[in-house]
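Trainee: whatever this is, show me its structure:
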Amino acid sequence: MSIRTDNKPAETVERTPLVARLPGRLSQLSWVDAAVAAAVLVLLYVVLRVGHGTTVAFNTHQNVRVDTDPARLPYDAARSLLRMFAALAVSIVFTFGYACAAAKSRRLERILLPALDILQSVPVLGFLTVAVTGFIALFPGSMLGLECASIFAIFTSQAWNMTFGFYASLTSLPRELDELSRSFGFTRWMRFWKVEVPAGMIGLVWNGMMSFGGGWFFLVASEAISVNNQRYALPGVGSYAGTAIADGDLGKVGWAILTMALLVIGVNFLFWRPLTAWAEKFKNEQSEASEVQRSVVLDFLRRSHWPRLLGRVLRPAGRALSTAGRVFGRDDRPLVVDRTRQRTGAIVFTVVAGGLILWGLTDLGHYLHDRTGLGVFGEPLLLGLATLARVVVLVALATVVWVPIGVKIGFSPRLTRIAQPVVQVLASFPANFLFPLAVWFFLRTGLSINIGGTLLMALGAQWYILFNTIAGAMAIPSDLREAMDDLGVRGRQRWRRLIIPGIFPSYVTGGITASGGAWNASIVSEVVTFGGTTLTATGLGAYIAEATESGDYPHLIAGVAVMSLYVVGLNRLLWRRLYRMAETRYSL
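Mentor: Sure thing, here's the model as predicted:
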């Protein structure tokens, strides 16, 4: 019930412009609102202050020496954090566009999914080789070119996992939600924001968290760039740690590790934990869970009036976007399509796309033939077998170890609160930071880098399986779990009837990204350097790292092409079949 203290008609009160009501609403703001406003202003000031350094002049012909004074670490940390969030924003936009295109068009799916397999297998160093040259040419004489190249490199370590996860949620959308969208006549814009994004929100948040950790993992390679015997460095924790490791300064490496840990814990507390707690409301269930995730930051924001006030201010803009979204048409795609027309279109599409791919491969073959000969593929093909063995062992062991742990964490909000920051720190810890300890351990014990490199690869790959398993377990409706409890289903039967079907789509996403991440992590794990000591494993990652360092483009192209071949072959033979099984048999 509402009480009016004036004599105006109800219609007049309802139609009072929001701007006219703002002074009255602002007078109701409490100390919580003042604290939130102050925090936002401080954040904006820090972003502007730190962002100013991205546009200073830069000479591309000089090798840059990174200042490793510990007093610079707060500024370096802020620069790294700004790059990470910029790359995350680009990754989210890419995820929405790419995953939707692949999920909604069978013709595009045949091109986009193999392309995604190839893109996730291309190492960060492979992207940097092209990105540095392109962005420096785009912004000549400015640090902004290197900044864009670094952000692009971080983006290439984040985007693929999120895209695979959102694609999986789109292809396994519950049928009742699909029918709801059609029966209510939603536009495709409304279907995306009202049905598809909420249905995939839990997986999107957890995959985003994992992707953010992947960005930390490759931070050294993204900020301290060595291409074609030229070294470029940007202020940041990654370049600071890379320089300290190259100098063999354990004290400064320790400062970098401490700074990285504080950054990861702070981002988890202020950003990821509130997001995971907020995403709980998108769980598809009919009964409310007895325990839910909590976040101090989210509870504090909910006590503030700012979210509701901003929601009212931005509501007209939202309505305008919804109206503009009608140009995408209504969600009235027929459930039955003309098979003849579909087959004809598929043939035409295949011929055109296949012709373009064949033309590109022919041109690449001529390039390599003129410079090194096609025999350049022989060595990376053999080295790839060694890296393939490490990837298979890593994924198998990670599945056995982390799936049961992930299910346990995902089923318990209390455990999630405890484990989330710990797992986030572990997942975000760059292998490069452990190189001093790894070199000492390998030399002390006599352990071959060919075996020890697998352990370093695991630092960047195994967490994809854990995070996706946690997300899959959290997405299982509470009413299904309660029904299993009421029926007394325990042990192996519970795994067969509930847990494996419930987490299977998420596990497949984690498995395919863990496999690709392991190939990518081999670049920084098969060549371990500390001070004047370098240990090199036999593998494709070391081959690509050496070609990148020396600027040997024919061998670099051959190495990246072979790595893409291995990844696509593994995905086609194993992971893509599991994807189809997840779509047809294990969608909720």
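Trainee: do you know the pLDDT at Asp338?
Mentor: pLDDT for Asp338: 59.
Trainee: equivalent analysis for Thr5, please.
Mentor: pLDDT for Thr5: 42.
Trainee: pretty sure Phe94 contacts Phe155?
Mentor: Yes: counting by Cβ atoms under 8 Å, Phe155 is a contact partner of Phe94 at 7.5 Å. (Each C-beta comes from the backbone N, C-alpha and C, glycine too.)
Trainee: between those two, tell me which one has more neighbours.
Mentor: Set Phe94 next to Phe155 and count neighbours by other Cβ atoms under 10 Å: Phe155 wins out with 24 against 16.
Trainee: find the nearest non-adjacent residue to the more buried one, please.
Mentor: Nearest residue to Phe155, sequence neighbours excluded (Cβ to Cβ, 6 or more residues apart in numbering): Ala87, at 4.3 Å.
Trainee: residue contacts, the one you found?
Mentor: Ile151, Phe152, Ile154, Phe155, Gln158, Gly215 (Cβ atoms under 8 Å, 6 or more residues apart in numbering).
Trainee: what helix or strand does it sit in?
Mentor: Ala87 belongs to helix 73-104 when elements are defined using DSSP states H and E.
Trainee: roughly how far does the residue nearest to Phe155 sit from Tyr464?
Mentor: 17 Å (Cβ to Cβ, to the nearest Å).
Trainee: what's the answer for Ile257, then?
Mentor: With Cβ to Cβ as the criterion, Ile257 and Tyr464 are 23 Å apart.
Trainee: so for these two, which residue has more residues nearby?
Mentor: The residue with more neighbours, out of Ile257 and Tyr464, is Tyr464; 31 against 18, by other Cβ under 10 Å.
Trainee: now the more buried one: how far from Gly53?
Mentor: 33 Å.
Trainee: now rank the contacts of Ala87 by neighbours and give me the top one.
Mentor: Going by other Cβ under 10 Å, Ile154 tops these with 31 neighbours.
Trainee: re the thing from before, which two from the contacts of Ala87 end up farthest apart in space?
Mentor: The distance between the two most remote of the contacts of Ala87 (Cβ to Cβ) is 11.6 Å, for Phe152 and Gly215.
Trainee: element containing Thr534, please.
Mentor: strand 533-536.
Trainee: how about that strand: buried residues?
Mentor: Under the neighbour-count criterion of 16 or more other Cβ atoms under 10 Å, strand 533-536 has Leu535, Thr536 buried.
Trainee: find the nearest non-adjacent residue to the residue most central in space within the chain, please.
Mentor: Residue closest to the average C-alpha location in the chain (Cα atoms, centre = their mean): Ser211, at 2.7 Å. Spatially, and ignoring its direct neighbours in sequence, Ser211 is nearest to Gln158 (3.8 Å; Cβ to Cβ, 6+ apart).
Trainee: can you give me the strands for the stretch 201-350 of the chain?
Mentor: 224-227, 230-233 (DSSP state E, counting those that start in this stretch).
Trainee: tell me the buried residues in the last one?
Mentor: If I follow you right, that is strand 230-233. Buried, per 16+ other Cβ under 10 Å, within strand 230-233: Arg231, Tyr232, Ala233.
Trainee: same question for stretch 256-276.
Mentor: For stretch 256-276, by 16+ other Cβ under 10 Å, it's 256-257, 259-260, 263-264, 267-269, 271-276.
Trainee: which one of the residues you listed is nearest Arg182?
Mentor: Leu275 (30.2 Å).
Trainee: wait, which of the buried residues of strand 230-233 is closest to Arg107?
Mentor: Nearest member of the buried residues of strand 230-233 to Arg107, counting by Cβ to Cβ, is Tyr232, at 40.6 Å.
Trainee: I'd assumed Ala131 was in contact with that closest one.
Mentor: No: between Tyr232 and Ala131 there is no contact under Cβ under 8 Å: 11.1 Å.
Trainee: and Arg294, its phi and psi?
Mentor: When read as degrees, to the nearest 10, the backbone of Arg294 gives phi -130, psi 150.
Trainee: ok, now which ones touch it?
Mentor: Ala277, Pro413, Arg417.
Trainee: most neighbours, which of the residues you listed?
Mentor: If you count neighbours using other Cβ under 10 Å, the busiest of the contacts of Arg294 is Ala277, which has 22 neighbours.
Trainee: please tell me how far that residue sits from Arg175.
Mentor: Remark: distance between Ala277 and Arg175 (Cβ to Cβ) = 29 Å.
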